[in-house]
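the sequence and its predicted three-dimensional model are supplied below.
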There are 2 protein chains.
Amino acid sequence: MPRSDEFKLIERFFRPLAGEGAFGLVDDAAQLEPVAGFDQVVTSDMIASGVHFLPDDPPDTIARKVLRVNLSDLASKGADPHAYILNIALGPEVDDDWLAGFSAGLAEDQTRYGIHMLGGDTISTHAPCVIAVTAIGLVPAGRMVHRFNARPGDALYLSGQIGAATVGLDLLVDLQSPWHGLEAEARQACISRYRVPEPRVELAEVLRSHARAAMDISDGLVGDADKMTAASGCTGTIVFDDIPLASGLREQARADQFAALITGGDDFEILASIAPESEDSFVQAASAKGIEVSRIGWLAQGEGPVQVMRAGREMALGDRRAYVHRNS
Amino acid sequence: MPRSDEFKLIERFFRPLAGEGAFGLVDDAAQLEPVAGFDQVVTSDMIASGVHFLPDDPPDTIARKVLRVNLSDLASKGADPHAYILNIALGPEVDDDWLAGFSAGLAEDQTRYGIHMLGGDTISTHAPCVIAVTAIGLVPAGRMVHRFNARPGDALYLSGQIGAATVGLDLLVDLQSPWHGLEAEARQACISRYRVPEPRVELAEVLRSHARAAMDISDGLVGDADKMTAASGCTGTIVFDDIPLASGLREQARADQFAALITGGDDFEILASIAPESEDSFVQAASAKGIEVSRIGWLAQGEGPVQVMRAGREMALGDRRAYVHRNS
């Protein structure tokens, strides 16, 4: 199937996604009216074919991924989704079928998360697709949660479970991956998780009420915890056995694979620093939203990387603390 | 010169550009506090190497171009520059020297236009650079200027002069271009204009006080006028001899090149629809800002493309009414 020209393409695939302030995408710009009593939180993530998603991933999953990685950032700041701007550089492989799937994925998640498209830009290139989303969330004035306010003595909490996305990517790109030994259902869950993250939007309100600091885990738990402690001027400890790993991974993993699970990318869970007196209320408020949170460690005075303890010893992670997306 | 890793690169080249609400680019997101009495205008443009700029364009000009094309959109909506988000997919050709030039260009224009960086994302790919900027401007509440409010009987005005960017691109990519016959100074002016547009930010206030509708000219005057009339439910006439062309172009052009000058891209001047009773005040207000505006035609009842008259006849433009960026 060929590709519509840029004007028709926007009219057909993106105009139906435009919401309040977007003027049906026929103007040069959108209008955002401030909402009294709220600050806007703005975040932006860019993903590229062959780097952050695979060229043959279904287009609806690519759309949902680029939207959701931004919603994950908003949630970690205590902000509720409001609107987004889409920039997409279409590679030569993109046809109208692909665009139909892509826009259907956006439409589905717009409904799910109560967010609308404000505008953006569509260009054509000879290179693989590059997609950027800038998302705008709303937070009650002065209540944005930062990653730099963690303090020694806080407990470190993690939402959900991690490791699935790393395993999913490995399953998709490596026929020899030992993870093929997982049961079929677990394999499929990992692949789905790699392709479509589950942003913790319900946790936004809980974080702004109970967390001292928070961030989302996109480049591996350990490296991201390092970023939180560095930004907050402290250090910390994570207890490996307390880290919730996705179903089946702990049982299936060889010892030399544990490090990969806690330093791999694309988890999109929330790491939160909770003052001791807030731990109970934080856990209860998260549970009331249907989200399990786990205490995985604590923060301490000092500086330098977070130490990860396993069976009473520090795990040797070497330089592989953070995940770096590479061209596949 | 090699390229710093992503973390160091952001710290070295982009953190110095971060302004209020950006938290030094160490958080997951930025904060935008609403400004009482103002609406926010949001626009976004994406540019790709080999499509919207040339791979060997100086990096500071690439930075200024991607920022300025967004400021041009804001100006056309009557909005003053406020902040921006930068997304950049770095190709393998990018090294620290390139990034130093790129960030220096941003720094220069941040000062010039009173705008600051809020945040963004930096990724690495194997493909040529793709850069997206989302810019946020401020307009007094309810005063945003749209492209869809033009009315039959309005006069069509154009700021500055057009054609230079089209000629500049032609000079850069075609050794046989007849434009090489221009004088050296005019050639250099055209190349500079292609690389670094001059957004009409001073016109924002004038437009919101005196214009019924406005848009910026990025894809060729004729095709963009078609878009304004289509959005406004009318048609119009442009008088070729009243179109201000950049210095030397009218004299140098062969008859068959006139069409290219008024349908070529990257002019970034403002097309405005002015009610007859506002013409004098619009021209005077623009002049007070040091900007020449020219009456190039009028709008009329009806529908369909704008007609361009030359020497009493309609110019035959065929399908070449709007500029489509192509991979070079």
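That came through fine. Residues are numbered from 1 along each chain as shown, chains lettered A, B, ... in the order given.

tell me the secondary structure of residue A:158, please.
Recorded secondary structure, residue A:158: strand (DSSP: H, G, I helix; E, B strand; the rest coil).

check which helix or strand the closest residue to it other than its chain neighbours maps to.
Spatial nearest neighbour of residue A:158, excluding adjacent residues (CB to CB, 6 or more residues apart in numbering or on different chains): residue A:296 at 5.0 Å. The C-beta positions use only the backbone N, C-alpha and C, and glycine is treated the same way. Using DSSP states H and E, residue A:296 falls within strand A:293-300.

what helices or strands is that strand leaning on?
Other elements packing on strand A:293-300 under the criterion 3 or more CB pairs under 8 Å, 6 or more residues apart in numbering or on different chains; DSSP states H and E are strand A:155-159, helix A:221-232, strand A:235-239, helix A:279-288.

residue contacts, whichever residue of the stretch 151-300 of chain A sits closest to chain B?
Chain B sits closest to residue A:231 of the stretch 151-300 of chain A, with a gap of 5.0 Å, by CB to the nearest CB. If you count contacts by CB atoms under 8 Å, 6 or more residues apart in numbering or on different chains, residue A:231 has them with A:147-148, A:150, B:26-27.

10 Å instead, please
Contacts for residue A:231 (CB atoms under 10 Å, 6 or more residues apart in numbering or on different chains) come out as A:146-150, A:213, A:215, B:23-24, B:26-27.

nearest residue to whichever residue of the stretch 51-200 of chain A sits closest to chain B other than its sequence neighbours?
When scored by CB to the nearest CB, the stretch 51-200 of chain A has residue A:127 as its residue closest to chain B, at 3.4 Å. Residue nearest to residue A:127 in three dimensions, not counting chain neighbours: residue B:127, with 3.4 Å by CB to CB, 6+ apart.

picking that back up, return the item of the contacts of residue A:231 having minimum pLDDT.
The lowest pLDDT within the contacts of residue A:231 belongs to residue B:26, which sits at 90.

and it, its phi and psi?
Per-residue torsions, residue B:26: phi -100, psi 0 (degrees, to the nearest 10).

setting aside sequence neighbours, what's the nearest residue to it?
In this structure, residue B:26 finds its nearest non-sequential neighbour in residue A:231, 5.0 Å apart by CB to CB, 6+ apart.

what confidence value was assigned to that neighbour?
With respect to pLDDT, residue A:231 scores 96.

do residue A:166 as well
As predicted, residue A:166 sits at a pLDDT of 96.

just the one 10 residues further on next, same as before
The predicted structure scores residue A:176 at 94 on the pLDDT scale.

which residues touch it?
Residue A:176 touches residue A:170, counting by CB under 10 Å, 6+ apart.

quick check: phi and psi on it?
Dihedral pair for residue A:176: phi -90, psi 0, per degrees, to the nearest 10.

and the closest residue in space to residue A:245 that isn't next to it in sequence, what does it touch?
Nearest non-adjacent residue to residue A:245, counting by CB to CB, 6+ apart: residue A:163, 4.6 Å away. Shown in contact with residue A:163 (CB under 10 Å, 6+ apart): A:190, A:193, A:221, A:243-250, A:253, A:257-258, A:260-262, A:264, A:267.

show me these that map onto helices.
Per DSSP state H, helices hold the following members of the contacts of residue A:163: A:190, A:193, A:221, A:249-250, A:258, A:260-262.

for the residues you listed, which ChimeraX command selects only the ones that are buried?
Of those, the buried ones go into a single ChimeraX selection, burial set by 16 or more other CB atoms under 10 Å in any protein chain shown:
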select /A:190,193,221,249,250,258,260,261,262
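
now for the ones in helices among the contacts of residue A:163: which two are most distant?
Farthest pair in those (CB to CB) is A:193 and A:258. Separation: 18.2 Å.

ok, residue A:78 touching residue A:149?
No. Residue A:78 is beyond contact range of residue A:149, at 11.7 Å (criterion: CB atoms under 10 Å).

any residues in contact with both of the two?
Listed as contacting both residue A:78 and residue A:149 by CB under 10 Å, 6+ apart are A:211, A:214.

just the buried residues of stretch A:201-208, please?
Neighbour-count burial for stretch A:201-208 [16+ other CB under 10 Å]: A:201, A:203-208.

which ones among those residues lie within helices?
Using DSSP H, these in helices are A:203-208.

and the furthest pair within those residues?
Farthest apart among these by CB to CB are A:203 and A:208. That separation is 9.6 Å.

please enumerate the shared neighbours of those two.
Joint contacts of residue A:203 and residue A:208 (CB under 10 Å, 6+ apart) are A:78, A:214.

so the one helix or strand in chain A whose mean pLDDT sits lowest, near chain B or not?
When the helices and strands of chain A are scored by mean pLDDT, DSSP states H and E, helix A:6-9 comes last with a mean of 87. Yes. Contact between helix A:6-9 and chain B, assessed by CB under 10 Å from any CB of the partner chain, occurs at A:6-7.

kindly report the same for stretch A:258-266.
No. Contact of stretch A:258-266 with chain B (CB under 10 Å from any CB) is absent, the minimum separation being 12.2 Å.

residue A:225 is in contact with residue A:269, correct?
No. Between residue A:269 and residue A:225 there is no contact under CB under 10 Å: 11.8 Å.

and the helices and strands packed on strand A:293-300: which comes nearest residue B:116?
Ranking the helices and strands packed on strand A:293-300 by proximity to residue B:116 (CB to CB) places helix A:221-232 first, at 20.3 Å.

of all the residues in the closest one, which ones are buried?
By 16+ other CB under 10 Å, the buried positions in helix A:221-232 come out as A:221-232.

just to revisit the earlier point, distance to chain B and pLDDT for the ones in helices among the buried residues of stretch A:201-208 - can I get that in JSON lines?
Formatted as JSON lines, these follow (distance: CB to the nearest CB, whole Å; pLDDT from 0 to 100):
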{"residue": "A:203", "distance to chain B": "13", "pLDDT": "98"}
{"residue": "A:204", "distance to chain B": "12", "pLDDT": "98"}
{"residue": "A:205", "distance to chain B": "16", "pLDDT": "98"}
{"residue": "A:206", "distance to chain B": "17", "pLDDT": "98"}
{"residue": "A:207", "distance to chain B": "12", "pLDDT": "98"}
{"residue": "A:208", "distance to chain B": "13", "pLDDT": "97"}
